[in-house]
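*Asks:* Next come a sequence and a model predicted from it.
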Amino acid sequence: MTITENVRKKLADYAHMTWSGWMQYMFEKSTKNEDGTVTIPVALVERWTRQMNTPYPMLPESERKSDIDEANRILGLTGAWAELYPRAWKLMDERKIFVVVAFHEPYFRMVYEMIREEENRKGTWTEQDEHNYQVISSTR
């Protein structure tokens, strides 16, 4: 199984767990009718409708916290990507645009050397960057 397939399966499992947990919560808060349907209390319908129609930045801090907690759980599942692609993760975290050059592409080494040179000049090339560079350079 590839890393992508593994992460996809973990995310799918998490998505199902999240959905089933939400459904369980919603059914617990609702009233089951004799015909098998459920009735959601009006206060919850109003609250969930308001939340559903409110952009995330405009939610109260207490409601945003649960979304942050959810995002942190997802990031925990995708942590393998951060370990495998620390540079990309760093750039995404800084909201910078970047280009991906695959290892097999003929100009990969040239691009990597340009990055190394520039980062060294700026003083932002880390020991970990150098280690990764040396490992990759020894495999080409």
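*Replies:* Okay, I see it.

*Asks:* and Glu118, how many neighbours?
*Replies:* Neighbour count for Glu118, taken as other Cβ atoms under 10 Å: 11. All C-beta atoms are positioned from the backbone trio N, CA, C, and that covers glycine.

*Asks:* Sticking with it, tell me its helix or strand.
*Replies:* Using DSSP states H and E, Glu118 maps to helix 108-122.

*Asks:* which parts of the helix or strand just after that helix are buried?
*Replies:* Counting by DSSP H and E, the next helix or strand C-terminal to helix 108-122 is helix 127-138. Residues Asp129, Tyr133 are the ones in helix 127-138 that count as buried (16 or more other Cβ atoms under 10 Å).

*Asks:* Between helix 108-122 and helix 127-138, find me the angle.
*Replies:* 160 degrees (axes from the mean of the first three to the mean of the last three Cα atoms, to 10 degrees).

*Asks:* now helix 127-138: how far from the chain's centre is it?
*Replies:* Put simply, helix 127-138 sits 26 Å off its chain's centre (Cα atoms, centre = their mean, to the nearest Å).

*Asks:* Please apply the same query to stretch 23-34.
*Replies:* Centre-to-centre, stretch 23-34 and its host chain are 31 Å apart (Cα atoms, centre = their mean).

*Asks:* what's the helix holding Glu118 packed up against?
*Replies:* Using 3 or more Cβ pairs under 8 Å, 6 or more residues apart in numbering; DSSP states H and E, the elements in contact with helix 108-122 are helix 127-138.

*Asks:* Just the C-alpha atoms of the helix it packs on, please, in CSV.
*Replies:* Extracted in CSV, the C-alpha atoms of helix 127-138 (Å, rounded to 0.1, in the frame of the first residue of the first chain):
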residue,chain,number,x,y,z
GLU,A,127,20.9,20.7,9.8
GLN,A,128,17.9,18.7,9.0
ASP,A,129,17.7,20.3,5.6
GLU,A,130,21.3,19.4,5.0
HIS,A,131,20.8,15.8,6.2
ASN,A,132,17.8,15.4,3.8
TYR,A,133,19.9,16.9,1.0
GLN,A,134,22.8,14.5,1.6
VAL,A,135,20.5,11.5,1.8
ILE,A,136,18.7,12.4,-1.5
SER,A,137,22.0,13.3,-3.2
SER,A,138,23.5,9.9,-2.3
